[in-house]
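[1] Please find the sequence and the predicted model below.
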Amino acid sequence: MRRILKFNLLLIIVLLVTFTSCKKSFIEINSPTSLVPDVALGTEADLLVALRGAYAGLRGVDFYGRTLPVLGDLMADNAYQSTLNTNRYTFYNNYSNTIGATAADANAAGMWATAYTTILRANNIINSTVPTTVNVSQYKGEAYAIRALCYFALVRHFAKPYAEDPAALGVPIITKYNPDLKPARNKVSEVYTLMIDDLNNAYTLMTKFTNSSQFSKYAAKGLQAKVYQNMGDKTNAKTAALDVINNSGFTALTAAAHAAYWTSITFRTDKVETLFEVSSDAVANLAFDELSYLYSQSGNYGDLLCSDALYALFAAADVRKALYATGTRAGLPSVFVNKYPAISGDPSDTKVLRFSEMYLIAAESSLPTNEVDALTYVNLLTSKRGANPIVSTGTALFEDIITERRKELAFEGDRFHDLQRLKRDIARSANYPAAAQAIPYTVTRRLLPIPQVEIDANPAIKPQQNAGY
């Protein structure tokens, strides 16, 4: 009887709705899985949830969670794969023709997919029509910075350096939700223009600093300094770096605090050193896929080691040398990387932008016309590391600054991209396979392949595959 009464009541409701509607014959219900962004993001609270999703995207295993920082050192001359390994990233260690040198490369495909998924999330926040408040402006500013960071990763891995050819094929620019879009590759210069514009918007919109796991005004400016540096625009790179140095309220990491900084597992709220990092915690993490597992000898992997050539650069009194311990792995003398010591619970975070790098950008960008400034800024760093001060001039000074970048930013994913923007051959130590110790700048596999799934699905990009794949 109860079921009959319920049925009758439901029938009455349906009939009333049907006959009292003067414009539509049926009730329209939006599926919660098919809401367009304007409907899904209707309030300030919705934007905050979406923003958290965008940050989570950065943590992907083939993005800042692991692959991206790994490739920046492994494809260069800092990190190498131990003979005792789990076969992760073997192709990148060997630059081989037989392993992964196809458009089906899983790591490249993962980076591409994760980046564009995160860009989609950022786009939805940027394009939302929620009325402007201080918080809404902050959220949109952070989304602009996230989008710029994603494009920075894509254009540096899948396209020729800006310094070689700004008109070369970059990556597709997507700024609005369109499920039917099949875009071709934009020019490298167009991607860089978008990033600069996005970071100007981010800088203008953001007014709050929360912690190092979220973008802030000066983290965006720090990223812009790196973008300008990759463009070879020394004037704007120096201006942006000095804005961070002089106006951000951040302070540089000191020699006394250096060891504790790298053992810390939590994001920072004190504006010391970390402008921005991709953070994991005890709940939101990649488990065994965390970056720390690839370097730490305390876990199951520990595949990646510090090259002998890099280790030899550190003076005895340099506090950075303490991050690298000597030992034996697979019966061979080895140098271990301890920048990411935490592998369980709350794992070590991925540093993306650091205050100390602003000194290095300002120093490099001062050359060749202003050696006084160059020496001042690079030695602000060496004085905080217990390293020997730099006193060189001319070409030697430039090389010394690049070497300081190598030492300071080792295993943070920057070295390969420095060699790319400077259009340099890669000269590796005897730690690497004999056939992979000399990697000329012209080697096509220094660019990642456009993923096969994209080639198959997108006719506009099909004829635009990178050479050699």
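    Nice, I can see it.
[2] which residues of the protein fall in strands?
    79-81, 274-278, 304-306, 324-329, 332-337, 350-354, 426-427, 438-439 (DSSP state E).
[3] Now tabulate those in a markdown table and tack on distance to Lys187, mean pLDDT and mean neighbour count.
    Using the backbone N, CA and C atoms, a C-beta is placed for each residue, glycine as well. Output for the strands of the chain, formatted as a markdown table (distance: least, CB to CB, whole Å; pLDDT from 0 to 100; neighbours: other CB atoms under 10 Å):
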| stretch | distance to Lys187 | mean pLDDT | mean neighbour count |
| --- | --- | --- | --- |
| strand 79-81 | 32 | 98 | 26 |
| strand 274-278 | 27 | 97 | 25 |
| strand 304-306 | 34 | 98 | 25 |
| strand 324-329 | 41 | 97 | 13 |
| strand 332-337 | 37 | 98 | 18 |
| strand 350-354 | 26 | 97 | 24 |
| strand 426-427 | 26 | 98 | 16 |
| strand 438-439 | 26 | 97 | 17 |
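[4] So which of these is nearest Pro161?
    Nearest to Pro161, of all the strands of the chain, is strand 426-427, at 13.8 Å by CB to CB.
[5] Okay, now the sheet partners of that closest one, with direction.
    In the sheet, strand 426-427 lines up against strand 438-439 (antiparallel) (DSSP bridges).
[6] Contacts for the strand it pairs with, please.
    Defining contact as CB atoms under 8 Å, 6 or more residues apart in numbering, one finds that strand 438-439 is touched by 95, 425-428, 446.
[7] 6 Å instead, please
    95, 426 (CB atoms under 6 Å, 6 or more residues apart in numbering).
[8] so where is this structure shaky, pLDDT-wise?
    Within the chain, the stretches with pLDDT under 70 are 1-36, 38-39, 97-104.
[9] Try it again at 80.
    Scanning the chain for pLDDT under 80 picks out the ranges 1-40, 97-104.
[10] export the strands of the chain to TSV and tack on distance to Phe158?
    Compiled in TSV, those are given as follows (distance: least, CB to CB, whole Å):
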stretch	distance to Phe158
strand 79-81	21
strand 274-278	20
strand 304-306	23
strand 324-329	31
strand 332-337	27
strand 350-354	19
strand 426-427	18
strand 438-439	18
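[11] can you tell which of those strands is closest to Gly170?
    Gly170 lies closest, by CB to CB, to one member of the strands of the chain: strand 350-354, at 21.0 Å.
[12] Tell me the strands beside the closest one, with direction?
    Using DSSP bridges, the strands paired with strand 350-354 in its sheet are strand 274-278 (antiparallel).
[13] How about Tyr218, nearest residue that isn't a chain neighbour?
    Computed as CB to CB, 6 or more residues apart in numbering, the closest residue to Tyr218 that is not its neighbour in sequence is Ser248, at 3.6 Å.
[14] Check the gap between the one you found and Gln214 for me.
    From Ser248 over to Gln214 the distance is 15 Å, taken as CB to CB, to the nearest Å.
[15] what's the burial count for Val85?
    Rather than Val, residue 85 is Asn. 18 (other CB atoms under 10 Å).
[16] Number the chain from 23, please
    Noted, 23 is the first residue going forward, which turns the last one into Asn107.
[17] ok, now which ones touch it?
    The neighbours of Asn107, taking CB under 6 Å, 6+ apart as the test, are Asp325.
[18] outside of the longest helix seen in the chain, which residues touch it?
    Longest helix in the chain by number of residues, with DSSP state H as the criterion: helix 156-180. With contacts defined as CB under 6 Å, 6+ apart, helix 156-180 is touched by 66, 69, 73, 76, 90, 137, 140-141, 144, 147-148, 152, 192-193, 213, 217, 220-221, 223-224, 227-228, 230, 237, 242, 439, 470.
[19] and if you look at stretch 401-411?
    Here stretch 401-411 makes contact (CB under 6 Å, 6+ apart) with 274, 276-277, 337, 339-342, 378, 381, 412.
[20] before we move on, back to that, and the angle for the longest helix of the chain with strand 296-300?
    Counting by axes from the mean of the first three to the mean of the last three CA atoms, to 10 degrees, helix 156-180 lies at 70 degrees to strand 296-300.
[21] coming back round to it: just the buried ones among the contacts of stretch 401-411, please.
    For these, a burial check counting by 16 or more other CB atoms under 10 Å picks out 274, 340-342, 378, 381, 412.
[22] Where helices are concerned, which of those count?
    If you go by DSSP H, the buried ones among the contacts of stretch 401-411 have 378, 381 in helices.
[23] Take the buried ones among the contacts of stretch 401-411 and lay them out in JSON lines including distance to Lys182.
    Putting the buried ones among the contacts of stretch 401-411 into JSON lines (distance: CB to CB, whole Å) gives the following:
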{"residue": "Ala274", "distance to Lys182": "34"}
{"residue": "Asp340", "distance to Lys182": "35"}
{"residue": "Val341", "distance to Lys182": "37"}
{"residue": "Arg342", "distance to Lys182": "32"}
{"residue": "Ser378", "distance to Lys182": "29"}
{"residue": "Tyr381", "distance to Lys182": "29"}
{"residue": "Ile412", "distance to Lys182": "31"}
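[24] Which of the buried ones among the contacts of stretch 401-411 lies at the shortest distance from Met253?
    Using CB to CB, Tyr381 is the member of these that lies nearest Met253, at 19.7 Å.
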